[in-house]
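# Here is a sequence with its predicted model. Questions after.
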Amino acid sequence: MACDEIEDCMKQGQQYDIAFTWHDGEKVPTNYDVTGYTARFQLRESAASTVKLYETTEAADITLGAAEDWHVMLVIPTATTEAFTFKRALGDLELVDPSGEVVQSWRVVVDLTLEVTK
C-alpha cells in the first residue's frame with residue numbers, strides 16, 4: 001500500500017474539492033478494473049483524536065474515476081465546511097478493494113481559512 005501526503009487549504013463556507021491520483025509507486029496503472037472498489041475518508045484534528053470532524057464514503061462525496069484517468073475525487077459540500085472551525089486537520093482517503101483490503105491511501109493535511117463575509 002502506498003501512502004502519499006498532500007497539504008492543502010480549505011475555505012470555510014465554500015465547497016472543498018480535491019483530486020487524488022492513484023499510482024502503484026512507479027507509474028500510473030492503466031486499464032485497472034475498479035469494479036466493486038469503495039473509498040472512505042475521515043477528517044480529524046489529529047491522528048490521535050477520537051472525534052471525527054467529517055466522515056464520508058464513496059457513495060456520498062467520493063467519486064472513483066474511470067480506468068483511464070485514475071483520479072479519486074473528494075467533495076466536501078459548502079454546508080459542511082460552513083460548520084468547520086478547526087485551524088488545521090488531517091484526513092485519510094482510502095481506496096478499498098472488493099476483499100476489504102486498503103490498496104491505496106492518501107493523507108491530506110488541511111489548513112482552514114475562516115470565512116469573513118457572512
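Ah, there it is. Numbers count the residues shown, from 1 in each chain.

# Helix or strand: which one has the nearest residue to Q12 once chain neighbours are set aside?
Spatially, and ignoring its direct neighbours in sequence, Q12 is nearest to E115 (4.3 Å; Cβ to Cβ, 6 or more residues apart in numbering). C-beta: built from backbone N, CA, C; applies to glycine. Applying DSSP states H and E as the criterion places E115 outside every helix and strand.

# And for E115, the neighbour number?
If you count neighbours by other Cβ atoms under 10 Å, E115 ends up with 13.

# beta partners for the residue nearest the centre of the chain?
Closest residue to the average C-alpha location of the chain: L93 at 4.1 Å, with Cα atoms, centre = their mean. Counting by DSSP bridges, L93 is bridged to F41, W106.

# Is it in contact with V72, as I believe?
Yes: at 6.6 Å, L93 counts as touching V72 under the criterion of Cβ atoms under 8 Å.
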